[in-house]
Structures are given as structure tokens and as C-alpha cells.
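Enquirer: sequence-free structure coming up:
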């Protein structure tokens with residue numbers, strides 16, 4: 001089967017699995033991150049504002065801000081380009097972006113630690129995104145950044161189809177804990 005067909009089918013399965021999950025379990029995910037996968041002091045953390053149905057990232061972003069980490073959020077450019085990360089603090093004005101996203105207008109920064117949304121993941125650290133390739137293009141230009149996926153435990157699959165341009169995660173954070181891969 002063609003990898004794009006496999007990924008499309010897996011996306012449908014992942015959305016169905018995610019449908020029964022409670023976004024509020026992001027508070028448990030935040031506690032696991034702060035205990036078991038805490039960013040290093042001084043790191044610039046790239047987060048994201050959860051879309052409907054995704055695990056809530058507000059709890060982890062709040063905790064990181066309270067501990068004075070430098071935060072940024074992605075700006076989604078036209079297709080084919082990598083994301084740009086712009087400085088942000090809770091309470092800053094956000095502007096509507098592509099695909100229902102919200103982004104700040106702050107200056108661009110280079111993240112050291114990236115929280116990544118996804119639809120599915122496997123025990124080898126492969127992630128299944130939404131299909132636009134934004135995060136894979138972005139991660140390729142920040143090879144030294146720590147890559148932490150954020151998802152519900154129900155989004156784990158035995159295998160995720162992966163191609164040569166798919167970049168693996170270092171770890172995944174869910175409401176049940178942290179799984180480290182690299």
C-alpha cells in the first residue's frame with residue numbers, strides 16, 4: 001500500500017480514537033512533563049495552542065511561564081514553508097492564522113525545546129501529523145531542538161507509516177506519562 005494512503009487511513013483512525021478523550025487531561029500531561037521531561041534552564045520553549053479535540057496545552061504553557069521560561073508559538077506560513085516561532089507570554093494578543101491556528105506577532109526566535117501536536121505516534125518515536133508537513137520541515141531546520149510530542153495515550157499505534165522526511169520524536173507526553181524514544 002502507498003505510504004500516503006496508509007497515512008490517510010491512520011489519520012482517520014487517530015481522529016476516531018481522539019474523539020473520546022478529554023482535553024482537560026492536559027493538566028496531567030503538564031505534571032508529567034514538569035516532573036519527567038522538564039526543559040533545561042534557559043531553554044526557549046516552542047508550544048502551541050491546542051485545536052479543538054487536541055489535548056490541552058494551556059496547563060503546560062502556564063506552568064512554564066510561571067517558571068519564567070521563554071516561550072514562543074508557531075506562525076503557519078504558506079504551504080511548503082517551515083513554521084516560524086514568535087515570542088509569546090500568556091495573556092498576549094493572538095491573531096487568527098491558517099487552519100484554525102492562533103499566533104502572536106512577537107519577534108521570531110529559535111526554540112531549543114519544541115512541544116509538537118500530532119494525530120498518532122508509535123513506540124519507535126514516529127509521529128503522524130495532519131498531513132501538511134509543516135513540523136517535519138520545521139524540525140529539519142532545528143535539528144538540535146528537543147522534540148516532545150503532546151497527545152492522548154489513546155493516540156498510540158503499534159506502527160506509524162514513516163517516510164524519509166519524517167522526523168522522529170525524542171519523547172511523547174500524554175496524560176499517562178512520558179515515553180522516551182531517542
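Expert: Cool, the structure landed. Just so it is clear, the model here is predicted, and its values are computed rather than measured. Numbers count the residues shown, from 1 in each chain.
Enquirer: Determine the longest helix present in the protein.
Expert: Determined from DSSP state H, the single longest helix within the chain is helix 3-19.
Enquirer: Can you mark which positions in that helix are buried?
Expert: By neighbour count with 16 or more other C-beta atoms under 10 Å, helix 3-19 contains the buried residues 7, 10-11, 14, 17-18. Placement of C-beta: from N, CA and C, glycine included.
Enquirer: Double-check residue 96 against residue 102; I have them as touching.
Expert: Yes: the criterion here is C-beta atoms under 8 Å, and residue 96 meets it with residue 102 at 6.2 Å.
Enquirer: These two - which one has more neighbours?
Expert: Between residue 96 and residue 102, residue 102 has the larger neighbour count (other C-beta atoms under 10 Å), namely 17 against 8.
Enquirer: Please tell me how far the more buried one sits from residue 70.
Expert: Here the criterion is C-beta to C-beta, to the nearest Å. By it, residue 102 lies 19 Å from residue 70.
Enquirer: Tell me where the chain has strands.
Expert: Taking DSSP state E as the test, the strands found in the chain are 44-46, 70-75, 84-88, 95-96, 102-103, 113-117, 120-121, 127-128, 146-150, 171-174, 177-180.
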